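Trainee: Structure for this input, please:
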Amino acid sequence: MVFSGQLSNGAVDWYISLWQALPSGWTLRGATKSTAGGAYKISYTPTTPIRTTFRTVIGPKFYGAPAMSPAVIGTAQDRRIVINKPAASYITLTGVAVTGYTVPAEPGLEVVLQDLLGSGKWRWLTSVKVDAKGNFRLPVPDNFPSSRTVRVVSRGVPSTAVEVSPTAWVVIKAGLNPKVYAVSASMVPKTYRSGCPVGPSSLRLLTMNYWGFDGLVHKGELILRDAAVQKMITVWTASFNAKFPIRRMQRVDVFGGSDIRAMEADNTSAFNCRQVTGNPYALSPHSYGYAIDINTVENPYLAANNVWYPSNGLSYRNRSWIRAGMLFTNSTPTKSLVGQGYFWGANWSKPDYQHFQPR
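Mentor: I've put the predicted structure just below:
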């Protein structure tokens with residue numbers, strides 16, 4: 001709270017004191033000396049919310065002062081930032097956020113989410129503007145597991161007016177988080193057409209998390225036969241827990257239904273009603289929604305025409321040079337799929353290291 005005024009005689013260097021009316025009497029709250037033209041300014045910061053009367057007087061005493069200002073009503077509210085209690089824990093990539101509100105509501109106020117580093121310093125994570133009701137929602141990075149102490153701080157206000165919330169503890173755990181949805185024809189415009197052995201009503205969209213080559217958690221999707229969904233959840237739960245890396249996992253429609261384009265993008269996918277790549281006379285097992293290809297660049301495929309696909313995966317024909325994302329007999333996806341009754345194409349005379357299909 002700032003109280004300012006001017007002496008009518010313009011006197012300089014006169015002692016001016018600020019007084020607050022309390023039930024016990026007038027109480028001194030601050031003092032200063034007048035400056036050029038008799039101007040003065042006195043600041044006072046209450047420790048609790050108040051609405052009471054103030055006066056300024058000449059001299060150090062209230063009673064018997066030679067002159068005093070008219071009484072003014074001073075109001076101070078209990079400004080604070082409140083954080084809603086976080087859940088005990090969250091799963092990666094579920095839109096984790098710190099929510100809360102300001103008291104009183106301060107629409108347009110910028111608030112900053114910070115987390116505490118091991119060095120004892122606070123790091124800026126993100127900021128938002130408070131809405132019309134004083135509420136805010138600050139996203140927390142949730143593409144990797146973490147446990148962190150956070151707080152919310154006001155920004156863009158004088159240093160004396162900065163508000164800091166109490167701290168909160170946010171725990172994010174890595175998890176597959178599988179979700180299953182029905183499939184419509186509009187969701188598979190490039191991978192399904194009339195005459196395919198399986199229609200959209202027998203397919204499902206399975207979304208889930210996976211570990212990327214960058215060490216972070218990403219969201220993936222597979223279009224599958226309905227009867228294959230539970231098996232795939234079992235397989236990918238084990239693979240996720242083992243942190244087996246996946247480059248990307250998108251429906252082949254993203255690549256215009258082209259198996260070659262999808263393989264060159266190192267895409268992991270399942271359903272695609274098409275002919276076998278390299279053998280236009282045979283219908284691909286992927287047309288039935290059960291077969292799956294994994295990390296297609298790291299696990300290339302020798303087609304019936306003796307061409308290796310994809311062309312950017314040729315260095316991975318050397319299976320003695322072990323690199324991330326390659327599949328072997330002891331790899332978690334391989335063991336899990338075989339355990340679910342799948343056959344691995346690496347065992348064919350023309351190896352298909354990326355491919356698995358039911359026996």
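
Trainee: May I have the secondary structure class of residue 52?
Mentor: strand (DSSP: H, G, I helix; E, B strand; the rest coil).

Trainee: Looks like it contacts residue 73 (just checking).
Mentor: Yes: with contact defined as C-beta atoms under 8 Å, residue 52 counts as touching residue 73 (7.2 Å). For the C-beta atoms, the positions are set from N, CA and C on the backbone; glycine is no exception.

Trainee: Tell me which of the two has more neighbours.
Mentor: residue 52 (15 against 10; other C-beta atoms under 10 Å).

Trainee: tell me the domain ranges of the chain?
Mentor: Listed by automatic domain parsing, the domain ranges of the chain are 2-76, 80-173, 179-358.

Trainee: Identify, out of these, the most deeply packed stretch.
Mentor: domain 179-358 (a mean of 18; mean count of other C-beta atoms under 10 Å).

Trainee: just to revisit the earlier point, any chance of the domains of the chain in CSV, plus mean pLDDT?
Mentor: Formatted as CSV, these follow (pLDDT from 0 to 100):
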stretch, mean pLDDT
domain 2-76, 94
domain 80-173, 96
domain 179-358, 97
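
Trainee: excluding its backbone neighbours, what's nearest residue 74?
Mentor: residue 54 (4.8 Å; C-beta to C-beta, 6 or more residues apart in numbering).

Trainee: who's the one you found bridged to?
Mentor: Beta-bridge pairing for residue 54 (DSSP bridges): residue 20, residue 72.

Trainee: OK, contacts around it?
Mentor: 3, 18, 19, 20, 21, 29, 71, 72, 73, 74 (C-beta atoms under 8 Å, 6 or more residues apart in numbering).

Trainee: quick one, helices of the stretch 251-359 of the chain?
Mentor: Using DSSP state H, counting those that start in this stretch, the helices of the stretch 251-359 of the chain run over residues 259-264, 332-339.

Trainee: among these, which is nearest residue 232?
Mentor: When the helices of the stretch 251-359 of the chain are compared by C-beta to C-beta, helix 332-339 sits nearest residue 232, at 8.9 Å.

Trainee: list the helices and strands the closest one packs on?
Mentor: helix 229-241, strand 342-344 (3 or more C-beta pairs under 8 Å, 6 or more residues apart in numbering; DSSP states H and E).

Trainee: Same list, those, but as JSON lines with distance to residue 355 please.
Mentor: Formatted as JSON lines, those follow (distance: least, C-beta to C-beta, whole Å):
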{"stretch": "helix 229-241", "distance to residue 355": "14"}
{"stretch": "strand 342-344", "distance to residue 355": "8"}
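
Trainee: Please identify which of these is closest to residue 78.
Mentor: Of the helices and strands packed on helix 332-339, nearest to residue 78 by C-beta to C-beta is helix 229-241, at 46.7 Å.
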